[in-house]
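> Structure of the sequence below:
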Amino acid sequence: MNNLSLSEVGQIGIVVRDFERTAKVLEDLGLGHFSSIEIPHASARLKVGLVNLGGVQLELIQVVEGESIHSRFIRERGEGLHHLGFFVKDLESAVRKFEEKGFNVTERGEVLGVKYAYLDTERMLGFVIELIQV
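From the prediction side, this is the model:
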């Protein structure tokens, strides 16, 4: 996979049951301030918050209602690391490279002008790889 050029993690996504509780604990530990927004995502509504940690975004994700890749994750595995996100210049090109290696897109979309694709790496790696095009 060395020709995929994913050299820097840009985002760490963590699925939580209670955004406010988790954000408060992390803030009390000195990890910045999380502001949250609620966004539509697939057939769910999510509460999402980001904080920058030395060039890497820490993203907390709570499913408020509905069904998504995140609600399945929390039901099957509980809270924890959901994805590592990599910022790419050309989402479609990056997706094609992963598909050539046998990984398929499990979900894709656009939220607030940001395009993303989740790849089916969870069974092999224990977490999802997300490609993000700003």
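
> Please name the spatially closest residue to residue 110 (chain neighbours excluded).
Distance criterion C-beta to C-beta, 6 or more residues apart in numbering; nearest residue to residue 110, sequence neighbours excluded, is residue 116 at 7.4 Å. (C-beta placed from N, C-alpha, C; glycine too.)

> same thing with residue 111?
The nearest residue in space to residue 111 (C-beta to C-beta, 6+ apart) is residue 39, at 5.5 Å.

> Next, the buried residues of stretch 118-134.
By 16 or more other C-beta atoms under 10 Å, the buried positions in stretch 118-134 come out as 118-122, 127-133.

> Go through the residues you listed and name the one nearest residue 95.
Closest to residue 95 out of these is residue 131 (6.4 Å), distances taken as C-beta to C-beta.

> I'd assumed residue 116 was in contact with that closest one.
Yes - under the criterion of C-beta atoms under 8 Å, residue 131 lies in contact with residue 116, with a separation of 6.7 Å.

> Need the overlap of contacts for these two.
85, 91 (C-beta atoms under 8 Å, 6 or more residues apart in numbering).

> Show me which positions of the one helix or strand residue 39 maps to end up buried.
According to DSSP states H and E, residue 39 maps onto strand 35-41. Taking 16+ other C-beta under 10 Å as the basis for neighbour counts, the residues of strand 35-41 that come out buried are 36, 41.

> right, and the helix or strand after that strand?
Counting by DSSP H and E, the next helix or strand C-terminal to strand 35-41 is strand 43-53.

> who are the neighbours in contact with the most far-flung residue of the chain relative to its centre?
When each C-alpha in the chain is compared with the mean C-alpha position (C-alpha atoms, centre = their mean), residue 28 comes out farthest, at 23.1 Å. For residue 28, no residue meets the contact criterion (C-beta under 8 Å, 6+ apart).
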